[in-house]
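Visitor: any chance you could fold what I've pasted below:
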Amino acid sequence: MAEQIPFSIMENILMKLGSSAGEAIGLAFGLRKEIAKVQETLSTIRDVLLDAEEQQGKSHAVENWVRRLKDVIYDADDLLDDFTAYELRRQGEIASQVRDFFSSSNPVGSRFKMGHKIADIKERLDGIANDISKFNFIPRVTANLRVENSGRETHSFVLTSEIMGRDEDKKKMVELLLQSDNGDNLPVVAIVGIGGLGKTTLAQLVYNDVDVVKHFDLRLWVCVSDDFDVKVLVRNILKSGGDANVDQWGLEQLKNKLHETLNSKIYLLVLDDIWNEDFEKWNQLRILLKVGARGSKVVVTTRSSKVSSIMAIDPPYVLKGLNHDQSWALFKNLAFGEEQQRAHQNLLKIGEEITKMCLGVPLVIKTLGRILHSKTEESQWLSIKNNKNPMSLQDGNNILSVLKYDNNNVVSCKMHDLIHDLAQSIIKSEIITLTEDTKNISERIHHVSFLEWSPSTLISNCKHLRVLSLSGLRSESVPKLGELTELQTLPLFIIGDGKHKGIGGVSELKRLNNLRGGLWIKNLEMVDGTAESKEANLKEKHYLQSLRLDWGSWIFGNSAENGELVMEGLQPNLNLKKLNIEGYPGVRFPSWFSSMLTSLQCLDLQRLPAMEYMLENSSSMELLFASLKALKLDRLLNFKGWCRSRREIVAGAGGEQAPQFPSLSELMIYRCDQLTTFQLLSSPCLSKLDIQNCRILESLQLPSLPCLEVLILKGVHQQIVWQIILVSSSLKSLYIARIYGLVSLLDDRLQHLTSLKSLKIERCDELVSLFHGIQRLSALEEIWIFGCKQLNILDKEDDDDDGLQFQGLRSLRQLVVTGIPELESLLKGLRHVTTLETLKVLRCCGFTTLPDWISTSTSLSYLQISDCRGFKLEDPSKIAHIQTVNIS
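Guide: This next block holds a predicted model:
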């Protein structure tokens, strides 16, 4: 069988070597010329690979040439992986680790050994390149086959308060977007710069600028990254505009909907992280986009000036690094608090020198600032200052890997996680699926998975194994994981014994301290006490970013007492960013839990039947949640509040401090059946709040929520709705469902919601009045009303003022009414809405006719009336002007 040529791995290596991180490697080891020569030789070889792929089926000599190439490619990839995957994570050990990394005893850090390995790879590549003429290979252009960036997905939201040094760039970009278009109805502005410089951040700042928001009728954001597929892009553009149900549409349907969405609108489209260098693909998309009104603009971000050239962008906006003052301000903000600056004056000067080494790259500055935030020893700071190579210093964000998202193979494992079969066909000498026919495994294997079988002796021979998938494992034959000390990726570990399917006891994890990324431990109900759970040695797994602890079944011997003992021994490292706890049977958390909260960014608690309080006492409580960005409380059936010692304390009484959430952006609370009151104090960054099915929740103690944009409330009492709305001035999306006691929604209490764009109301059975005061919601773009059986949508005020209050709805584009039995016809006020484009009336049994004024609604382009038994269209000419009509 012909050898599979590793196109994508070669592309990754070329991009690694050509990136800013590749330059950093060359500088660090004095190998700039050698790396440049390797890059040049690889490019020469790449150009003939398509021809070699065709010829190897006819020639054993060519097949052997391809095999030699694969070997050297894998060795080169391993060498670069060894460099980029190295992470300095151990708390308080930075100085010694940096010394070890660059010492002669370290096979990667040694300049001599690194140079020797590069020289060996260069010599082997030269030999392969010299044979090109012997085989008469013909150069051809190959597509840039990049490994998909599964972790690279961006969005439009940005916290402007956390961004430093980009005010001038933002000002210039806004001027470019608002200036006249010189006759071109689709100008494109490109932001070009190296990875980590802040191109996406600048695009986010511009996208959310007040003047930009006012200027454009429609704003759309799409992260393009690897896949510049026109059909996919059009689909994602529509999704960004609110059309979620387009996944099954063909290109023709997508095109029609795109033109309906963009037609005659001044729109802004951001295409973030573009790598496409194929003009024809861009031209296909450009033609489809040229239906908007004059003044529409497209913003693209890219690392490649070639991309901007292909898109005929002249000149691009070349983003530069931060200046010294901006860099120092950003570093100081992250590395020091005010108290730390006063207490550690000696570190300020060192910090300023470290900042200079970062060359104005925000990602590097942020990463080093976060690493050093908890370090107070001068030697720890000096170790970085004297290293002179900040690119090699990595925390969990992994500087080098983030600076080149195109890599995504930081530990040579992502392809296995994405598409195992495809990965095996391309890099079959690195990845293997074990079956009963497997007799031996090459020591070069880095990735192993199982097909209902597992001989442990074979696994223990895989000294270089980095990725192990155990999803197809049979319980009667398990590998001894404890010997695989180089293992870096173990997504799932299932605890088992002789009777129950699984891998083994938690002691198998004890020596696997190189594990990184995420780890999910299942069947913790099978662990007995603290002594056994400590064998997992989670505290020493400093590279782990995410940990999921799962007790699975609540029935299987899951006593609260044993659960608490087991949890006590499962203390993770303090560097953990995400913690997920499911099925924990304990009433309280162990003592280590509160210390974890100070650095944790995401906390997800699900199915905790007995846990009453998150903390046992409130001492220094205001400091606990400083870094938390996302909090989910789901089915905490006995949860009563934050802290046991506050049980009888009403807000503001007793002098105790309530928890504060300075970084929290997303909070979800589902089915907390015993929760009656909830405190959420000092949450300036909260942008999404989702509370569902908390039936006895009566009171929320809330501060002002200046950044809250998305509010979802379902199965709560009406006072909760008002308590939140009254302190939320920036709300853009409001969804309410099954709100107990809600009789009327829109009144004077909503007059401050001038940014509200989406209002969705579902199954509020007591709701009888809706539209009083609606004229104040001038930004409202869509209204959905579903299953509100008592709602009289034709209220008295609509009759009294001839519906003039609806004139205030200057942005309303879509109205959907479903399951309203009392609805007989459309509101008079809708004739004053000159922006309405989509109108749907579904399952309204009392709806019988369309009013005469609908014939004058020139903006209406889509009308749907479905399952309205009494409806009869008496005069089709009323709706002859509507582009799409669906009556069924």
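
Visitor: give me the distance between the spatially most central residue of the chain and Leu269.
Guide: Nearest to the mean C-alpha position of the chain, counting by CA atoms, centre = their mean, stands Glu153 at 5.6 Å. When distance is defined by CB to CB, to the nearest Å, Glu153 is 17 Å away from Leu269. Yep, even glycine has a C-beta here, placed from its N, CA and C like the rest.

Visitor: try Gln39
Guide: Relative to Leu269, Gln39 is positioned 35 Å away (CB to CB).

Visitor: quick one: secondary structure of Asp272?
Guide: strand (DSSP: H, G, I helix; E, B strand; the rest coil).

Visitor: one step back: checking the residue nearest to the residue nearest to the centre of the chain when sequence neighbours are not counted next. Helix, strand or coil?
Guide: The shortest distance from Glu153 to any residue other than its chain neighbours is 5.3 Å, reached at Cys223 (CB to CB, 6 or more residues apart in numbering). Here Cys223 is recorded as strand under three-state DSSP.

Visitor: sorry, back to before: so which of Gln39 and Leu269 has more stuff around it?
Guide: Counted by other CB atoms under 10 Å, Gln39 and Leu269 do not tie: Leu269 has more neighbours, with 25 against 18.

Visitor: which helix in the protein has the most residues?
Guide: helix 60-84 (DSSP state H).

Visitor: what average pLDDT does it get?
Guide: For helix 60-84, mean pLDDT rounds to 78.

Visitor: where are the low-confidence patches of the stretch 651-800 of the chain?
Guide: Along the stretch 651-800 of the chain, segments meeting pLDDT under 70 span 651-659, 746-747, 773, 793-800.

Visitor: quick one: the helices in it, in order.
Guide: Taking DSSP state H, counting those that start in this stretch to define them, one finds helices in the stretch 651-800 of the chain at 718-725, 796-800.

Visitor: export only the CA atoms of the longest one, formatted as CSV.
Guide: Right, helix 718-725. C-alpha atoms of helix 718-725 as CSV (Å, rounded to 0.1, in the frame of the first residue of the first chain):
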residue,chain,number,x,y,z
GLN,A,718,-42.6,37.6,38.7
GLN,A,719,-40.8,39.6,41.4
ILE,A,720,-37.5,38.0,40.3
VAL,A,721,-38.1,39.4,36.8
TRP,A,722,-38.5,42.9,38.1
GLN,A,723,-35.7,42.7,40.6
ILE,A,724,-33.3,41.9,37.8
ILE,A,725,-34.7,44.2,35.1
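
Visitor: now do that helix: which elements does it pack against?
Guide: Secondary-structure packing of helix 718-725 (3 or more CB pairs under 8 Å, 6 or more residues apart in numbering; DSSP states H and E): strand 699-701, strand 710-714.

Visitor: how about Gln751, nearest residue that isn't a chain neighbour?
Guide: Gln751 sits nearest to Arg776 (CB to CB, 6+ apart), 4.5 Å away.

Visitor: number of nearby residues for the one you found?
Guide: By other CB under 10 Å, the residues close to Arg776 number 18.

Visitor: one more: Gly127?
Guide: Neighbour tally, Gly127, other CB under 10 Å: 12.

Visitor: tell me which other helices or strands whichever strand or helix holds it touches.
Guide: Using DSSP states H and E, Gly127 sits in helix 111-130. Packing partners of helix 111-130 (3+ CB pairs under 8 Å, 6+ apart): helix 20-29, helix 32-46, helix 60-84.

Visitor: so of those, which one's packed in deepest?
Guide: Among the helices and strands packed on helix 111-130, helix 20-29 has the highest mean neighbour count (mean count of other CB atoms under 10 Å), at a mean of 20.

Visitor: sorry, back to before: can you redo the helices and strands packed on helix 718-725 as CSV with mean neighbour count and distance to Leu804?
Guide: What follows is the helices and strands packed on helix 718-725, written out as CSV (neighbours: other CB atoms under 10 Å; distance: least, CB to CB, whole Å):
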stretch, mean neighbour count, distance to Leu804
strand 699-701, 16, 36
strand 710-714, 19, 29
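
Visitor: which of these sits closest to Leu490?
Guide: With CB to CB as the criterion, Leu490 lies closest to strand 710-714 of those, at 35.2 Å.

Visitor: who does the closest one pair up with?
Guide: strand 688-692 (parallel), strand 733-737 (parallel) (DSSP bridges).

Visitor: adding mean neighbour count and distance to Leu372, write these out as a markdown table.
Guide: Output for the strands paired with strand 710-714, formatted as a markdown table (neighbours: other CB under 10 Å; distance: least, CB to CB, whole Å):
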| stretch | mean neighbour count | distance to Leu372 |
| --- | --- | --- |
| strand 688-692 | 20 | 31 |
| strand 733-737 | 20 | 39 |
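
Visitor: can you add distance to Val318 and give those back as TSV?
Guide: Output for the strands paired with strand 710-714, formatted as TSV (distance: least, CB to CB, whole Å):
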stretch	distance to Val318
strand 688-692	35
strand 733-737	36
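
Visitor: what angle sits between the helix holding Gly127 and helix 32-46?
Guide: In terms of direction (axes from the mean of the first three to the mean of the last three CA atoms, to 10 degrees), helix 111-130 departs from helix 32-46 by 30 degrees.

Visitor: show me what counts as buried in helix 111-130.
Guide: Going by neighbour count (16 or more other CB atoms under 10 Å), the buried part of helix 111-130 is 114, 117-118, 121-122, 124-125, 128-129.

Visitor: rounded mean pLDDT for that helix, please.
Guide: 82.

Visitor: and that helix with helix 60-84, angle?
Guide: 160 degrees.

Visitor: mind starting the numbering at 840 from now?
Guide: Fine by me, first position is 840 from now on; the one you just mentioned is helix 950-969.

Visitor: immediately after helix 950-969, which helix or strand?
Guide: helix 971-974.

Visitor: does anything pack onto that following helix? Which helices or strands?
Guide: Other helices and strands packing on helix 971-974, by 3+ CB pairs under 8 Å, 6+ apart, are helix 899-923.

Visitor: Ser1166 and Lys1159, how far apart?
Guide: Relative to Lys1159, and taking CB to CB, Ser1166 is found at 12 Å.

Visitor: revised request: answer the last question for Ser1526.
Guide: For Ser1526, the distance to Lys1159 equals 30 Å [CB to CB].

Visitor: next one: Tyr1452
Guide: Counting by CB to CB, the gap from Tyr1452 to Lys1159 is 50 Å.

Visitor: again, but for Ile957
Guide: 31 Å.

Visitor: more neighbours, Ser1526 and Lys1159?
Guide: Neighbour totals were compared for Ser1526 and Lys1159, and Ser1526 leads with 18 against 10 (other CB under 10 Å).

Visitor: residues touching the more buried one, list them.
Guide: 996, 1504-1505, 1546-1549 (CB atoms under 8 Å, 6 or more residues apart in numbering).

Visitor: most neighbours among these, which one is it?
Guide: Of all the contacts of Ser1526, Leu1547 has the most neighbours under the rule other CB under 10 Å, reaching 25 neighbours.

Visitor: lowest average confidence, helix or strand, in this structure?
Guide: helix 1253-1257 (a mean of 27; mean pLDDT, DSSP states H and E).

Visitor: hmm, back to that, among the helices and strands packed on helix 950-969, which is nearest Gly1321?
Guide: helix 899-923 (23.0 Å).

Visitor: tell me which strands and helices that closest one is in contact with?
Guide: helix 846-857, helix 859-868, helix 888-894, helix 950-969, helix 971-974, helix 1238-1242.

Visitor: switch to 7 Å and redo it
Guide: Other elements packing on helix 899-923 under the criterion 3 or more CB pairs under 7 Å, 6 or more residues apart in numbering; DSSP states H and E are helix 846-857, helix 888-894, helix 950-969.

Visitor: list the buried residues of stretch 1083-1093.
Guide: Neighbour counts over stretch 1083-1093 (16+ other CB under 10 Å) mark 1085, 1088, 1093 as buried.
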